[in-house]
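# No sequence on hand, only this structure:
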């Protein structure tokens, strides 16, 4: 296939940062729709402005391809497609599963989890304090920020925390799918497709007792409930999107890693904890949930900012860039924990917006709340500029975060 001569590379995240790549500022200003070479050698149209990114996610002319079938391969060596993740479902199938699952992840429905998440967060803080000698620093990542969202995941989806070394590597593979071979992507998809839930809670407890993992006594599936294949779809949807797994493990640590240079922001949160929800939204806007590539495929020809996008072309909206668009956010590169309104697109937009968004918001706000309640004097034990970052996956997070209190 012939390619244009001047392809823009997908901007890289600056080493030692969470992103987004600084290069997106120039693209927003000069080339808001531009053909780029993706890490796997394919081409795609990068979309970097807020309004365009938001519109792209909701545009019915743009659909998510099957991870197991993009880039398209034909002939005898074409792999058999894996079952679609929730993000890849379309039409009536998508609507049916979304209607069955969405009510369980709404704000009011999830409020019943607040006491349990607070308890888990408190237990982790207590264990961290008990395991830290006077005058020593503790690693907030391994002690608190990493285990908390995984334990929440266990109770919402039924994935055992003890098996994280089995399912997390496959998830991270899918998040970096645009830079990997089809064989690597398929191996991860088939592995996740074969996962089976191992019940850890008494029947009826947690969200799965409210419809996600239920069946009638005779084994039938009542209207509105998910079938066994539907349950597996939802399980893989969490893996493929990543919003409920690894990335939230970095966000509870963010107030310390990001706010230590501006301690007044943390002080205000301690003094006015009712602002923590607003602060959580700003952290979700400011620190990219992920720097992974969102692939959409055009189903028909259309023009955007003078660029003719042909049917079959890949389109890549970039939420991390959109959330720093100065046309949408005043002083967009400044972290303002009191920012409002804050209509970020960290969880996408439209019918395929992340259904785990409310749960992520809830656990992030609780994580900050409990940390500041239990350890009001918490601060970085090292200069912010010396914190090492885990740059091995699209999910950017501090590798370690030494803190004292």
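The structure has been received and is ready for your questions. Bear in mind that the values here come from a model prediction, so they are computed numbers and not experimental data.
# C-alpha from now on. contacts and neighbour counts both.
Will do.
# end to end, how far does stretch 46-65 reach?
Using C-alpha to C-alpha, to the nearest Å, the span of stretch 46-65 from its first residue to its last is 16 Å.
# List the buried residues in it.
Across stretch 46-65, burial judged by 16 or more other C-alpha atoms under 10 Å covers 46-50, 52-54, 56-58, 62-65.
# Give me the contacts around that stretch.
With C-alpha atoms under 8 Å, 6 or more residues apart in numbering as the contact definition, stretch 46-65 has outside contacts at 10, 24, 27-28, 32-36, 87-88, 90, 295-300, 315-319, 321-323, 325, 327-328, 345, 348-353.
# now with 6 Å?
28, 32-34, 88, 296-299, 316-318, 321-322, 325, 349-350 (C-alpha atoms under 6 Å, 6 or more residues apart in numbering).
# So which of the residues you listed are in helices?
Residues of these located in helices (DSSP state H): 28, 321, 322.
# Could I get the contacting residues of residue 273?
Neighbouring residues of residue 273 by C-alpha under 6 Å, 6+ apart: there are none.
# any weak-confidence spans in the chain?
Residue ranges of the chain with pLDDT under 70: 1-5, 67-69, 73-105, 156-183, 185-186, 189-190, 192-263, 290-292, 393-395.
# Which residue ranges of the stretch 301-405 of the chain form strands?
302-304, 307-309, 314-317, 379-380, 389-390, 397-398, 402-404 (DSSP state E, counting those that start in this stretch).
# I'd like those strands as a markdown table, with distance to residue 138 appended.
What follows is the strands of the stretch 301-405 of the chain, written out as a markdown table (distance: least, C-alpha to C-alpha, whole Å):
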| stretch | distance to residue 138 |
| --- | --- |
| strand 302-304 | 50 |
| strand 307-309 | 51 |
| strand 314-317 | 38 |
| strand 379-380 | 10 |
| strand 389-390 | 17 |
| strand 397-398 | 14 |
| strand 402-404 | 5 |
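# Nearest to residue 71, out of those?
strand 314-317 (9.2 Å; C-alpha to C-alpha).
# Contacts for that closest one, please.
Residues external to strand 314-317 that are found in contact with it (C-alpha under 6 Å, 6+ apart): 44, 45, 46, 47, 53, 294, 295, 296, 297.
# do stretch 325-342 as well
Stretch 325-342 has contacts (C-alpha under 6 Å, 6+ apart) with 50, 279, 282, 324.
# Please give me every residue in contact with the third one.
Under the criterion of C-alpha under 6 Å, 6+ apart, the neighbours of residue 282 are residue 337.
# how about TSV for the strands of the stretch 301-405 of the chain, with distance to residue 149 and mean neighbour count added?
TSV is the format used below for the strands of the stretch 301-405 of the chain (distance: least, C-alpha to C-alpha, whole Å; neighbours: other C-alpha atoms under 10 Å):
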stretch	distance to residue 149	mean neighbour count
strand 302-304	39	11
strand 307-309	39	15
strand 314-317	27	27
strand 379-380	22	20
strand 389-390	17	16
strand 397-398	14	28
strand 402-404	19	19
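# Can you tell me the closest non-neighbouring residue to residue 37?
Counting by C-alpha to C-alpha, 6 or more residues apart in numbering, residue 43 is the residue found nearest to residue 37 once chain neighbours are left out, at 4.6 Å.
# my bad, should have said residue 353
residue 347 (5.7 Å).
# That neighbour reaches residue 354, doesn't it?
Yes: with contacts counted by C-alpha atoms under 6 Å, residue 347 reaches residue 354, the gap being 5.1 Å.
# These two: which is more packed in?
Using other C-alpha atoms under 10 Å as the criterion, residue 347 and residue 354 rank with residue 354 on top: 23 against 20.
# By neighbour count, which of the ones in helices among the contacts of stretch 46-65 wins?
Tallying neighbours with other C-alpha under 10 Å puts residue 322 at the head of the ones in helices among the contacts of stretch 46-65, with 29 neighbours.
# do you know how far that one is from residue 333?
Here the criterion is C-alpha to C-alpha. By it, residue 322 lies 11 Å from residue 333.
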